[in-house]
Structure formats: structure tokens, C-alpha cells
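Undergrad: Below is the sequence, then the predicted model.
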Amino acid sequence: VHYFEFVTHRIGDELWVGLVDDISIVGPRTNLRAHRSAFTYYCGRRRNSSSSLRDGQASLQGGGKVEQRFEPIANGDVVGLLVNADRHRGIFFKNGVMQGDCVLP
């Protein structure tokens, strides 16, 4: 079991926090929404008022699809990620409050 915390000092337009199993898909020029091996807490867009969970609202995005709505992330928030690799589970938190969980490959 592992626990990670990510402090969001300053968010531009978008932010993804989570896990991938392929280092080649990490970075600003990659669309994590399309990758089946990315499981992330998507903070939502800052410069767009879209109501879409896929590209607008904060959500859990995993395995190339939107899993569920999450609370938006703001500057200074802390995103937590609890990973149980033996049970293939990931649980996401915002400022210590659970937002949701997912099955990991």
C-alpha cells in the first residue's frame, strides 16, 4: 500500500494527478484522456465553462474514459492518492476527503 500527496501550488488551465504505467505518456504534450493506462484526478478546465465531464468538469478519468465527477481543484489544494497494488485499487482524495476510487490494471 502506498500513499502520495500532490500540492497544487498554481494551476494553469488543466491538471491531471494520478498513475500511468507507461512513462512515454507523461508530459504537457500528451492527452491522458485517451490512454487506457492512465488513471487520474482531472482538475477541470479554468478557461472554459464546459459542463462536459470529459473536458471541462473535475472528474476521475481512468482507462480512457470518465469514471465519475470529482470536486474541482484550486490553487493550494492537496490531492491524495492511496494505491493498493495487491488489490489493484486507487483511491483519490481532495484535502483529505475521499472523492472516489477506481480499479487499476
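TA: Here it is on my side, so go on. Numbers count the residues shown, from 1 in each chain.
Undergrad: I'd like the distance between the residue lying farthest from the centre of the chain and Pro28.
TA: Computed with CA atoms, centre = their mean, the residue of the chain farthest from its C-alpha average is Asp86, at 20.6 Å. Remark: distance between Asp86 and Pro28 (CB to CB, to the nearest Å) = 32 Å. All C-beta spots, glycine's among them, are computed from the backbone N, C-alpha and C.
Undergrad: returning to that earlier point: what separation is there between the residue farthest from the centre of the chain and Gly76?
TA: Asp86 is 33 Å from Gly76, where distance means CB to CB.
Undergrad: again with Phe93
TA: Applying CB to CB to Phe93 and Gly76 gives a distance of 15 Å.
Undergrad: quick one, which of those two is more surrounded?
TA: Just comparing Phe93 and Gly76: by other CB atoms under 10 Å the higher neighbour count belongs to Phe93, 18 against 11.
Undergrad: If the more buried one is in a bridge, with which residues?
TA: Phe93 has these beta-bridge partners by DSSP bridges: Gly80, Met98.
Undergrad: residues contacting the residue positioned nearest the centre of the chain?
TA: Nearest to the mean C-alpha position of the chain, counting by CA atoms, centre = their mean, stands Tyr41 at 1.5 Å. By CB atoms under 8 Å, 6 or more residues apart in numbering, the residues touching Tyr41 are 16-18, 58, 60, 70, 73, 79, 81, 92, 94, 99.
Undergrad: what about the strands in the chain?
TA: Ranges of strands within the chain are 2-7, 16-20, 38-42, 59-62, 65-69, 78-84, 89-94, 97-103, based on DSSP state E.
Undergrad: now the ones you listed in CSV, with mean pLDDT?
TA: Listed next are the strands of the chain as CSV, based on pLDDT from 0 to 100:
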stretch, mean pLDDT
strand 2-7, 96
strand 16-20, 86
strand 38-42, 88
strand 59-62, 86
strand 65-69, 85
strand 78-84, 97
strand 89-94, 96
strand 97-103, 94
